[in-house]
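Visitor: what shape does this take:
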Amino acid sequence: MEWNYWKGKKIFVELRGGGFYNGVVQEVLDEGNGLIFISIIDKFGRWVTFSIKEILKIVEEENDMGK
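Guide: Numbers count the residues shown, from 1 in each chain. Reported below is the predicted structural model:
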């Protein structure tokens, strides 16, 4: 998967540890050797970073701006 696709997208993500987040992807950081981190600003305005290896589910949400 091309992880940079998600940059700037509004997403819902479910993590293996049971966490759920909604937010906008700010950064996709490829550290090499398959180690990739995604950072979002969540719906509460917090910066959240997780490894792609933690992701169970990631979906793009509709942009509700202007509604």
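
Visitor: how far does stretch 1-12 stretch from start to finish?
Guide: 17 Å (CA to CA, to the nearest Å).

Visitor: that should have said stretch 45-63, apologies.
Guide: First-to-last residue span, stretch 45-63, CA to CA: 16 Å.

Visitor: residue ranges in this structure under the pLDDT threshold?
Guide: 64-67 (pLDDT under 70).

Visitor: show me where it has its strands.
Guide: 10-15, 20-32, 35-42, 47-51, 55-60 (DSSP state E).

Visitor: what's the closest of those to residue 2?
Guide: Closest to residue 2 of the strands of the chain, according to CB to CB: strand 20-32, at 9.4 Å. Just so you know, the C-beta spots here come from the backbone N, C-alpha and C atoms, and that holds for glycine as well.

Visitor: before we move on, back to that, turn the strands of the chain into TSV, columns for distance to residue 2 and mean neighbour count.
Guide: Output for these, formatted as TSV (distance: least, CB to CB, whole Å; neighbours: other CB atoms under 10 Å):
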stretch	distance to residue 2	mean neighbour count
strand 10-15	15	17
strand 20-32	9	14
strand 35-42	11	17
strand 47-51	17	14
strand 55-60	13	13
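
Visitor: want to try a markdown table for those, with distance to residue 4 as columns?
Guide: Formatted as a markdown table, these follow (distance: least, CB to CB, whole Å):
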| stretch | distance to residue 4 |
| --- | --- |
| strand 10-15 | 13 |
| strand 20-32 | 5 |
| strand 35-42 | 10 |
| strand 47-51 | 16 |
| strand 55-60 | 13 |
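
Visitor: wait, isn't residue 49 in contact with residue 39?
Guide: Yes: here residue 49 reaches residue 39: they are 4.4 Å apart, a contact under CB atoms under 8 Å.

Visitor: not counting its neighbours along the chain, what's nearest residue 36?
Guide: Leaving aside its sequence neighbours, residue 36 sits nearest to residue 52 (CB to CB, 6 or more residues apart in numbering; 4.6 Å).
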